[in-house]
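Visitor: need a 3D model of the sequence below.
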Amino acid sequence: MNPIRTLLTRMFGLVKHHVGTDQLGNKYYYVPQQKTWTGQTVRSRRIIEAVIPKEIDYEVGNIPFEWEAWIRGTRKEPPTTEEILQNEEYRQMIKLRACELQQDEEIRKEKEYEEGLVTRPVQTQIKGHASANYFEKDKQSSEPSSTANTFQPGSWLPPENSSKKK
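Guide: Prediction:
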């Protein structure tokens, strides 16, 4: 480190070098290893100055993958604009191929269904929830089926067709 930079660092804080800007407007900086005015060594860092300063407003894809790899240190050199554009074209091409492949697969399945090689998936009809007292029954019965939490005395009457002892 040259003496002028050392003096500036000790007077004004850390020095950061602008490395690049992405297509979204985010700015990327490299902070080299430096010593503070107290003599402590600050390790080198890579930081981003975001267009949207609130972290909560960021979503996946707001930082290009190439720049994210550079910030995390998985790549040594920052990405070039040409590299980012080339990778974006490649991702678009992969998406198109995936859509074409999915359409071909749907056409193939339809053809197999028509030829009888494969049966269509069975559609099940759900009648209520398994925890309900009338699960898989067409009508609710007049039989008591309450629990202790919902039982109310006098709310159930026996069916009229029951045999009475005389």
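
Visitor: helix or strand right after the lowest-mean-pLDDT helix or strand in the chain?
Guide: Sorting the helices and strands of the chain by mean pLDDT, DSSP states H and E puts helix 3-12 at the bottom, at a mean of 67. Next along the chain after helix 3-12, taking DSSP states H and E as the criterion, comes strand 17-21.

Visitor: just the CA atoms of the helix or strand following that next one, as CSV, please.
Guide: Remark: after strand 17-21, the chain's next helix or strand is strand 27-31, criterion DSSP H and E. Extracted as CSV, the C-alpha positions of strand 27-31 are listed here (Å, rounded to 0.1, in the frame of the first residue of the first chain):
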residue,chain,number,x,y,z
LYS,A,27,-22.7,-1.3,-8.2
TYR,A,28,-20.0,-3.7,-7.1
TYR,A,29,-16.9,-2.8,-5.1
TYR,A,30,-13.7,-4.4,-4.0
VAL,A,31,-12.3,-3.3,-0.6
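
Visitor: surely Ile48 is within a helix?
Guide: No - counting by DSSP: H, G, I helix; E, B strand; the rest coil, Ile48 is not found in a helix; it is strand.

Visitor: can I assume it is in contact with Trp70?
Guide: No - in terms of C-beta atoms under 8 Å, Ile48 does not count as a neighbour of Trp70; the distance is 9.7 Å. The C-beta positions use only the backbone N, C-alpha and C, and glycine is treated the same way.

Visitor: so what sits against both of those two?
Guide: The contact sets of Ile48 and Trp70 overlap at Tyr28 (C-beta atoms under 8 Å, 6 or more residues apart in numbering).

Visitor: quick one, which of those two is more surrounded?
Guide: Trp70 (21 against 15; other C-beta atoms under 10 Å).

Visitor: run through the residues that contact the more buried one.
Guide: Per C-beta under 8 Å, 6+ apart, neighbours of Trp70: Val19, Tyr28, Arg46, Glu77, Pro78, Pro79.

Visitor: any stretches of this structure with poor pLDDT?
Guide: Applying pLDDT under 70 to the chain picks out residues 1-2, 5-14, 55-58, 124-157, 161-166.

Visitor: what segments of it are strands?
Guide: Assigned by DSSP state E, the strands in the chain fall at 17-21, 27-31, 34-35, 41-42, 45-49.

Visitor: among these, which is nearest Arg97?
Guide: strand 17-21 (30.1 Å; C-beta to C-beta).

Visitor: for the closest one, give me every contacting residue.
Guide: Lys27, Tyr28, Tyr29, Tyr30, Val31, Pro32, Arg46, Trp67, Trp70, Pro78, Pro79.

Visitor: so the second one bridges to which residues?
Guide: With DSSP bridges applied, Tyr28 shows beta-bridge pairing to Gly20, Ile48.
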